[in-house]
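**Student:** Need coordinates for the following:
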Amino acid sequence: MSDAVVETERLRLRVPGPGDRATLHGWFGDPQVMADLAPAMDAAAADAAIARHDGYRSEGLGFWLVERARDGVPLGFCGLKRGNPETPLAGALEIGWMFGPAHWGQGYAREAAAGVLAWAWPNCRDAQVGAITARVNVASQRLMERIGMHAAPALDFEHPAFAEGHRLRDSVVYVIDRPRA
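**Tutor:** Presented below is the predicted three-dimensional model:
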């Protein structure tokens, strides 16, 4: 029996375990991975981020480790959480992702995010899923569009996690509505 929460043609998404800590630390601490997300994290900050995601598990949410199905190679971290209180998505269902640079440009992030959305509709009651990224993170915005999300400029904001003038402060919001039955 698979421990996957979400499975797609090429991917398996599962709750990360203690054995995944080093992999997640590697991504959270990689300046290239974090360039358009947040400052690279040390071990304590990465552990805190992992713990935050574990805190969403009681609702069945959290980000999942994305593995290539054929060989179990870890590719990224993708899933759902409740939006942070200081953002326009406060309490709303929010999708996000990060992938190791060796796996960029191969369609894995799109496939994982589409799989997460396909899982969300039957498993969550929310009428909409949102996503936030820095305006400079054009790659994530393009991915949001490829999975059917659209820009919601009325929700764009200055992210309080970043100081005035920081390149990641100017943030954009994308949304997708629940498909009609």
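**Student:** So which residues of this protein form helices?
**Tutor:** Secondary structure of the chain by DSSP state H: the helices cover 21-28, 31-34, 43-55, 108-123, 138-146.
**Student:** and the ones you listed as a markdown table, adding mean neighbour count?
**Tutor:** C-beta coordinates here come from the backbone N, C-alpha and C atoms, glycine included. Output for the helices of the chain, formatted as a markdown table (neighbours: other Cβ atoms under 10 Å):
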| stretch | mean neighbour count |
| --- | --- |
| helix 21-28 | 18 |
| helix 31-34 | 14 |
| helix 43-55 | 14 |
| helix 108-123 | 19 |
| helix 138-146 | 16 |
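**Student:** if we compare those, which one ends up closest to R12?
**Tutor:** Closest to R12 of these is helix 108-123 (Cβ to Cβ; 9.6 Å).
**Student:** can you give me the mean pLDDT across that closest one?
**Tutor:** The average pLDDT for helix 108-123 rounds to 97.
**Student:** got the angle for it vs helix 138-146?
**Tutor:** 40 degrees (axes from the mean of the first three to the mean of the last three Cα atoms, to 10 degrees).
**Student:** Distance from helix 108-123 to the middle of the chain?
**Tutor:** Here the centre of helix 108-123 is set off from its chain's centre by 11 Å, with Cα atoms, centre = their mean, to the nearest Å.
**Student:** Determine the set of other helices and strands touching it.
**Tutor:** Using 3 or more Cβ pairs under 8 Å, 6 or more residues apart in numbering; DSSP states H and E, the elements in contact with helix 108-123 are strand 4-7, strand 11-14, strand 62-68, strand 74-82, strand 93-99, helix 138-146.
**Student:** now for these, which one comes closest to L37?
**Tutor:** For L37, the closest of the helices and strands packed on helix 108-123 is strand 93-99, at 6.3 Å, according to Cβ to Cβ.
**Student:** Give me the helices and strands touching that closest one, please.
**Tutor:** helix 31-34, strand 62-68, strand 74-82, helix 108-123, strand 128-134.
**Student:** Export those as TSV, with columns for distance to F162.
**Tutor:** Conversion of those to TSV gives the following (distance: least, Cβ to Cβ, whole Å):
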stretch	distance to F162
helix 31-34	13
strand 62-68	21
strand 74-82	19
helix 108-123	23
strand 128-134	8
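**Student:** Quick one, which of those gets closest to T8.
**Tutor:** helix 108-123 (4.2 Å).
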